[in-house]
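Novice: just coords:
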């Protein structure tokens with residue numbers, strides 16, 4: 001009997017290995033259409049909840065008595081699958097979350113605004129970070145918004161920056177926070193101020209309770225983290241409270257009294273832009289040096305998700321029909337507010 005049990009357990013381990021090693025998921029940062037993203041989420045969750053069920057079945061079989069091994073395996077599989085969902089969500093966080101950042105102020109503008117000097121050495125600082133809403137129903141969406149800067153003594157032109165988003169869950173039974181998952185992404189950024197925008201999709205089967213969303217920025221051996229708490233409960237909002245607004249409480253840089261400051265700004269009605277040039281490039285960031293991710297045509301109309309001013313030029317953030325978002329120059333569009 002022991003030999004049969006050992007063989008079964010080995011078979012379980014082989015199954016787990018096969019499930020873990022096959023069907024690679026899209027790497028973090030891959031641009032996905034809404035349909036592709038939903039399929040990736042389902043595939044990933046199924047992968048890890050299956051592992052939980054198999055693990056639970058193995059434990060139930062090994063610990064059960066001779067007459068109750070099958071019953072123990074079935075109970076273990078059910079319990080393992082249920083408990084695995086929250087962990088599976090953390091493992092699949094890259095498919096449920098995205099984060100994009102772009103420059104909002106250069107080195108000298110940031111120096112003037114924060115009073116930075118070379119004597120301070122390397123500095124990495126998150127100035128503001130918020131989530132919307134702070135309470136959401138299972139199956140809803142949470143928007144992220146942050147402003148941070150990376151500075152270094154003069155002579156340095158850019159830095160390798162790691163932007164990390166992490167989700168934790170409060171386990172009431174053990175009275176402690178448990179990290180579910182973390183998604184790091186690396187970028188090469190010019191020194192100065194950047195803005196980060198992103199979102200988290202909460203699966204409809206995610207456990208209700210208290211969560212934490214943490215943003216961490218690392219650069220030049222320095223890091224800064226800010227955490228916001230999120231309540232997940234049925235009956236709460238399904239998404240951002242101001243969805244459809246242009247700025248979604250975003251932060252824009254303004255000049256006041258000769259000093260750049262950050263202000264929150266909310267628009268009551270969405271604006272649209274019409275492409276007036278024959279063709280127009282949609283770029284990953286609001287700069288002509290950024291990667292081109294699509295080409296737009298004259299006469300096409302898009303809703304404005306956000307706007308920013310870089311060195312006096314206005315840029316608009318828009319979303320294509322396939323869900324891909326990017327930036328277009330305001331020099332080749334007509335704005336309707």
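Specialist: Structure's in. What do you need? Computed from a prediction, not measured in an experiment: that's the story for all the values here.

Novice: Quick check: the gap between the residue nearest to residue 330 when sequence neighbours are not counted and residue 227.
Specialist: Take residue 330 and drop its neighbours on the chain: the residue closest to it by Cβ to Cβ, 6 or more residues apart in numbering is residue 314, 3.4 Å away. C-beta here means a position set from N, CA and C on the backbone, and glycine is covered the same way. Distance of residue 314 to residue 227, computed by Cβ to Cβ, to the nearest Å: 33 Å.

Novice: and residue 195, what are its bridge partners?
Specialist: Counting by DSSP bridges, residue 195 is bridged to residue 102, residue 147.

Novice: Relative to residue 176, how far out is it?
Specialist: On the measure of Cβ to Cβ, residue 195 and residue 176 end up 33 Å apart.

Novice: Same check on residue 124?
Specialist: 28 Å.

Novice: Compare those two (neighbour count), which wins?
Specialist: residue 124 (21 against 9; other Cβ atoms under 10 Å).

Novice: correct me, but the more buried one touches residue 219?
Specialist: Yes. In this structure residue 124 lies within contact range of residue 219 using Cβ atoms under 8 Å: 4.7 Å.

Novice: residues shared between the contacts of those two?
Specialist: residue 150 (Cβ atoms under 8 Å, 6 or more residues apart in numbering).

Novice: Low-confidence ranges, this structure, go.
Specialist: 1-32, 50-84, 241-269, 311-312 (pLDDT under 70).

Novice: All the helices of it, residue numbers only.
Specialist: 2-21, 34-63, 69-91, 93-96, 107-114 (DSSP state H).

Novice: ok, now which ones touch the most centrally placed residue in the chain?
Specialist: Nearest to the geometric centre of the chain sits residue 98, at 3.1 Å (Cα atoms, centre = their mean). Neighbouring residues of residue 98 by Cβ under 8 Å, 6+ apart: 198, 199.

Novice: does residue 189 really touch residue 159, like I thought?
Specialist: Yes. At 6.0 Å, residue 189 counts as touching residue 159 under the criterion of Cβ under 8 Å.

Novice: Which residues are in contact with each of these two?
Specialist: 150, 219.

Novice: Tell me how far the nearest residue to residue 287 once chain neighbours are set aside lies from residue 328.
Specialist: Nearest residue to residue 287, sequence neighbours excluded (Cβ to Cβ, 6+ apart): residue 310, at 6.4 Å. Using Cβ to Cβ, we find residue 310 at a distance of 13 Å from residue 328.

Novice: So between these two, which is more surrounded?
Specialist: Shown here are residue 310 and residue 328; by other Cβ under 10 Å, residue 328 has more neighbours (24 against 19).

Novice: bridging residues for the more buried one?
Specialist: residue 316.

Novice: what sits against it?
Specialist: 273, 275, 280, 281, 282, 283, 296, 315, 316, 318.

Novice: try 7 Å
Specialist: Counting by Cβ atoms under 7 Å, 6 or more residues apart in numbering, residue 328 makes contact with 280, 282, 296, 315, 316, 318.

Novice: Would you point out the most distant pair within those residues?
Specialist: Every pair in the contacts of residue 328 was compared (Cβ to Cβ); the two farthest apart turn out to be 296 and 315, at 13.7 Å.

Novice: quick revisit: which among the contacts of residue 328 count as buried?
Specialist: If you count burial by 16 or more other Cβ atoms under 10 Å, the buried members of the contacts of residue 328 come out as 280, 282, 296, 315, 316, 318.

Novice: measure the fourth one to residue 300 for me?
Specialist: To tie it back to what came earlier, the one meant is residue 315. In terms of Cβ to Cβ, residue 315 sits 17 Å off from residue 300.

Novice: and what of residue 232?
Specialist: The value you get for residue 232 to residue 300, if Cβ to Cβ is used, is 38 Å.

Novice: Contact partners for residue 304?
Specialist: Residue 304 neighbours (Cβ under 7 Å, 6+ apart): 246, 270, 271, 272, 273, 316, 318.

Novice: Out of the residues you listed, which comes closest to residue 34?
Specialist: Distances from residue 34 to the contacts of residue 304, taken by Cβ to Cβ, are shortest for residue 318, at 15.7 Å.

Novice: residues contacting that closest one?
Specialist: Residue 318 neighbours (Cβ under 7 Å, 6+ apart): 273, 302, 303, 304, 305, 325, 326, 328.

Novice: Can you tell me, leaving aside adjacent residues, what's nearest to the first one?
Specialist: So that's residue 273. Per Cβ to Cβ, 6+ apart, closest to residue 273 is residue 333, 4.1 Å.

Novice: And stretch 163-170, what's buried?
Specialist: Across stretch 163-170, burial judged by 16+ other Cβ under 10 Å covers 163, 164, 165, 166, 167, 168, 169.

Novice: Go ahead and confirm the second one touches residue 213.
Specialist: No. In this structure residue 164 lies outside contact range of residue 213 using Cβ atoms under 7 Å: 11.3 Å.

Novice: coming back round to it: who does the residue nearest to residue 287 bridge with?
Specialist: Applying DSSP bridges, one finds that residue 310 bridges with residue 313.
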